[in-house]
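K.L.:
Generate a structure from the sequence data that follows.
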Amino acid sequence: MTLVGDALDIGPRLCGNVYLNADGLSRGDSELMSQPPIKLSTLPQQDRSSHSAFALNVPAVARWLEQLPRANTGATTRALFNAVVELNRVQMPAARRLQLLDRLIPVWQDVRDRLQRQHLGKGGLLAAQPRQVARLLESMTTSITSGYTLVALHSRTETVRDRLESRSQIARAVSGALASQRYNLLLASLFYQTPRAGFWKSVHDLYLLAQDQGVELERIELEGRTFTVWDLYLSCLLFAAAGLNQLHQRDLDGLYRRMPGWACHVDLAPGVPERCLLAVNPAEDAGPVYRDKCVSTSMRWLGLDVRELVKALENELELPTLPAERTLLLHLTETWGQAQSRSFMRIDSRETLLVSIGLDATHRHVAGDEDFDGLTPSGEIASLAQDTGNPFVDGRTERQQRSRDIWDSVYDPGAVSAEAVTQIDVHVRDHQMTKTAPEPLPPHYRVETINASPRGYCLRWPKDADAPLHSGEVIGVRREKGGDQWMVGVIRWVRMAAGKPEVGIELLSASALPYLARVAGQNARQRVLMLPAMKAIGQPAMLLTPRVQWADRQKVMLLRHDEQVLVVLTKQVDSRSGFNQFEFRQVEHVREASAMVSADEPSFEGLWERL
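P.N.:
This next block holds a predicted model:
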């Protein structure tokens, strides 16, 4: 049978507690108008009777897979891609096609995951190779979707003596197709893009087909886990409505994997009642939107009731969680808890800004390119040089530092001479006392504004300036003309428009002070930014710190030139993928610290903390 752009005339379906027809209308409304058939996405013609790479049976496919050069990812990917594309053009019974796909897909998933780890979600959005890899993955995944869709359509139309077997094939095929489309949704989100035209119509139609056959709740094993068509469909809707352009790329894969398990907490309701925050129209090629963005609340629309899910996520926040997981959960409860809207009116703006990305880069620009030694008090540098925690700096070998035991006789007692230890000692101390060559100043980018508000900008990123654009990163902003001071903000969202990234930034402060900081009891220094207090709105001074190793109630020594400030982090007010933001309380402020500590006098700095 040849199917090209097949149309399915699906009858009434159960959705929640209401039967719906193909237009999403209740039975009473459906009598008032015609019911056009649901049109699935255009599928390839089956114009071949055999496959050029293998015979059309499972053992032949298994032998072919064993001969693939698995160590050569490129060659294996090409072979799998060509095999699936050709398979979609071969005429065969639905059951046979499903068997062959089920044998090919696990190998493809292994290659797919390898390509994703190596190439996606690491660099800028405009790099050529990651985009080419993403297009390849999308093409392959779309071909797999077509193959599973052919199985579902043929299973519905073929004469099968065992009706139960036909329904099972449809459930497995629709699940495989939705799982593939779900991965395409992830690929688009990794580049902050919307899915291609026809994506959402295909997703809706696949779900409606399963619902028409009554198999949407049948459990199917996929990728080592058990799903239903309902789980996969709802996970597509929830994922698209999760504010993806406000998340860092590394958060997207974790969210993608967790999403099907949350579908049991969501309900679909015809007509978008007041209790539903989100809504979707299955008759359109569009994903979910907030309820207030609906064109109408007719029975064509379905509401997503996510209240139970939000409550479950809030309960999870009460448990001990990793910082990154907590940040993601807070974002989801905000996104699904209430409709998001702008706080300020934006006006068109055409201005050139200089922009730095990341906490370290912004710190360097705010500090006028001062390096670590330039910001560190001289007394602090001296104490670092006197650190004898390195066993190579201590004048004794490890065996000399402990009492000898019988195992020492196994080793050559002359293996390390006193002269060698002395040479190491001198080399390490010279390295500690020598000021290393300063690192080059991180790049900044010339960016044009699209619009502006009192709290931020919308930027059009230049196509030839590939930069690590991620939501949640610290960003420094300075006007090219008439601007001598760096403002500090955060990337709120990123999206692709006509092949160019657009970036929404929120300004956190019109100025900042650069400090080095170390947690009490540790020697490691890290770059932090102090944001001055804004008394007009009652906001105290804040510290922006790196993402890890910083927490409430920590004592932190802030270092800047010959100034030392001991503070306590009192409250974490924000946590993003690129930084933490804390309120703090000053404990002690010492100036000219180097003049107060003599190199010949003992330092009690660490003792106060222990007392």
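K.L.:
what bits of the stretch 401-550 of the chain have low per-residue confidence?
P.N.:
In the predicted model of the stretch 401-550 of the chain, residues 401-439 satisfy pLDDT under 70.
K.L.:
How are the strands of it distributed by residue range?
P.N.:
With DSSP state E, counting those that start in this stretch, the ranges of strands along the stretch 401-550 of the chain come out as 445-453, 456-460, 474-479, 487-497, 500-509, 513-519, 526-531, 542-545.
K.L.:
now, of the ones you listed, which is deepest in the fold?
P.N.:
Of the strands of the stretch 401-550 of the chain, the one with the most neighbours on average (mean count of other C-beta atoms under 10 Å) is strand 542-545, at a mean of 24. Quick note: C-beta positions are derived from backbone N, CA and C, even for glycine.
K.L.:
For the next helix or strand after that strand, name the packing helices and strands.
P.N.:
Once strand 542-545 ends, the next helix or strand along the chain (criterion: DSSP states H and E) is strand 555-560. Where contact means 3 or more C-beta pairs under 8 Å, 6 or more residues apart in numbering; DSSP states H and E, strand 555-560 is packed against strand 513-519, strand 563-575.
K.L.:
May I have the strands that pair with the longest one, each with its orientation?
P.N.:
Using DSSP bridges, strand 563-575 pairs in its sheet with strand 555-560 (antiparallel), strand 580-591 (antiparallel).
K.L.:
got the buried residues for the shortest one?
P.N.:
Meaning strand 555-560. 556, 557, 558, 559, 560 (16 or more other C-beta atoms under 10 Å).
K.L.:
and the first one, how far is that from residue 327?
P.N.:
Translated: residue 556. Look at residue 556 and residue 327: by C-beta to C-beta, to the nearest Å, they are 21 Å apart.
K.L.:
Could you list the low-confidence segments of the protein?
P.N.:
1-41, 122-124, 126, 159-162, 295-299, 340-344, 369, 371-439, 589-611.
K.L.:
make it 50
P.N.:
Along the chain, the parts satisfying pLDDT under 50 run over 1-38, 381-382, 384-422, 424-434, 592-611.
K.L.:
report the longest helix in it, please.
P.N.:
helix 128-157 (DSSP state H).
K.L.:
and the next helix or strand after that helix, which residues are buried?
P.N.:
Counting by DSSP H and E, the next helix or strand C-terminal to helix 128-157 is helix 163-190. Neighbour-count burial for helix 163-190, with 16+ other C-beta under 10 Å as criterion, is recorded at 166-190.
K.L.:
Closest one of the buried residues of strand 555-560 to residue 157?
P.N.:
Residue 157 lies nearest to residue 556 out of those, by C-beta to C-beta, at 69.0 Å.
K.L.:
Does that closest one touch residue 519 like I think?
P.N.:
Yes: in terms of C-beta atoms under 8 Å, residue 556 counts as a neighbour of residue 519; the distance is 5.8 Å.
K.L.:
list residues touching both of those two?
P.N.:
Here residue 556 and residue 519 share the contacting residues residue 550, scored by C-beta atoms under 8 Å, 6 or more residues apart in numbering.
K.L.:
give the contact list for residue 483.
P.N.:
residue 354.
K.L.:
Residue 361 touches residue 476, doesn't it?
P.N.:
Yes: contact criterion C-beta under 8 Å: residue 361 and residue 476 qualify, at 7.1 Å.
K.L.:
Need the overlap of contacts for the two.
P.N.:
Here residue 361 and residue 476 have residue 444 as joint contacts, going by C-beta under 8 Å, 6+ apart.
K.L.:
Just put the buried residues of strand 555-560 in a markdown table and tack on distance to residue 487.
P.N.:
Formatted as a markdown table, the buried residues of strand 555-560 follow (distance: C-beta to C-beta, whole Å):
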| residue | distance to residue 487 |
| --- | --- |
| 556 | 24 |
| 557 | 27 |
| 558 | 21 |
| 559 | 24 |
| 560 | 20 |
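K.L.:
which stretch among the helices and strands packed on strand 555-560 comes nearest residue 311?
P.N.:
Closest to residue 311 of the helices and strands packed on strand 555-560 is strand 563-575 (C-beta to C-beta; 21.8 Å).
K.L.:
and the angle from the closest one to strand 500-509?
P.N.:
Put simply, strand 563-575 runs at 130 degrees to strand 500-509, going by axes from the mean of the first three to the mean of the last three C-alpha atoms, to 10 degrees.
K.L.:
which residues sit against strand 563-575?
P.N.:
323, 326-327, 330, 377, 380, 515, 520, 542-543, 547, 550-558, 580-591, 593.
K.L.:
Which among those count as buried?
P.N.:
Of the contacts of strand 563-575, these count as buried by 16+ other C-beta under 10 Å: 326-327, 377, 380, 515, 542-543, 547, 550, 554, 556-558, 580-584, 593.
K.L.:
Among the buried residues of strand 555-560, find me the one that's closest to residue 445.
P.N.:
Residue 445 has its nearest neighbour among the buried residues of strand 555-560 in residue 560, at 27.1 Å by C-beta to C-beta.
K.L.:
Please determine how far the closest one is located from residue 222.
P.N.:
From residue 560 over to residue 222 (counting by C-beta to C-beta), the distance is 55 Å.
K.L.:
and residue 479, what are its bridge partners?
P.N.:
residue 353.
K.L.:
What are the neighbouring residues in contact with it?
P.N.:
The contact partners of residue 479, by C-beta under 8 Å, 6+ apart, come to 351, 352, 353, 354.
K.L.:
Export these to CSV and append columns for neighbour count and distance to residue 83.
P.N.:
Formatted as CSV, the contacts of residue 479 follow (neighbours: other C-beta atoms under 10 Å; distance: C-beta to C-beta, whole Å):
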residue, neighbour count, distance to residue 83
351, 15, 53
352, 12, 51
353, 24, 50
354, 16, 51
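K.L.:
Let me know the closest of those residues to residue 255.
P.N.:
residue 353 (31.1 Å).
K.L.:
dump the residue contacts of the closest one.
P.N.:
The contact partners of residue 353, taken as C-beta under 8 Å, 6+ apart, are 446, 447, 448, 449, 457, 459, 477, 478, 479, 480.
K.L.:
care to break the protein down by domain?
P.N.:
7-243, 347-368+440-509, 513-610 (automatic domain parsing).
K.L.:
would you turn the ones you listed into TSV with distance to residue 290?
P.N.:
Below are the domains of the chain laid out as TSV (distance: least, C-beta to C-beta, whole Å):
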stretch	distance to residue 290
domain 7-243	8
domain 347-368+440-509	15
domain 513-610	23
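K.L.:
which stretch among the ones you listed comes nearest residue 301?
P.N.:
domain 7-243 (6.9 Å).
K.L.:
Return the distance of that closest one from the chain's centre.
P.N.:
23 Å (C-alpha atoms, centre = their mean, to the nearest Å).
K.L.:
ok, for residue 109, nearest residue in space, not its chain neighbours?
P.N.:
Closest residue to residue 109 apart from its sequence neighbours, by C-beta to C-beta, 6 or more residues apart in numbering: residue 223 at 6.5 Å.
K.L.:
residues near that neighbour, how many?
P.N.:
Here the number of neighbours of residue 223 (other C-beta atoms under 10 Å) works out to 11.
K.L.:
likewise residue 360?
P.N.:
Neighbour tally, residue 360, other C-beta under 10 Å: 15.
K.L.:
which residues sit in contact with residue 504?
P.N.:
Counting by C-beta under 8 Å, 6+ apart, residue 504 has contacts 456, 457, 458, 459, 491, 492, 493, 494.
K.L.:
Distance of it relative to residue 441?
P.N.:
26 Å.
K.L.:
Tell me which of the domains of the chain approaches residue 311 most closely.
P.N.:
Checked against C-beta to C-beta, the stretch from the domains of the chain lying closest is domain 7-243, at 14.9 Å.
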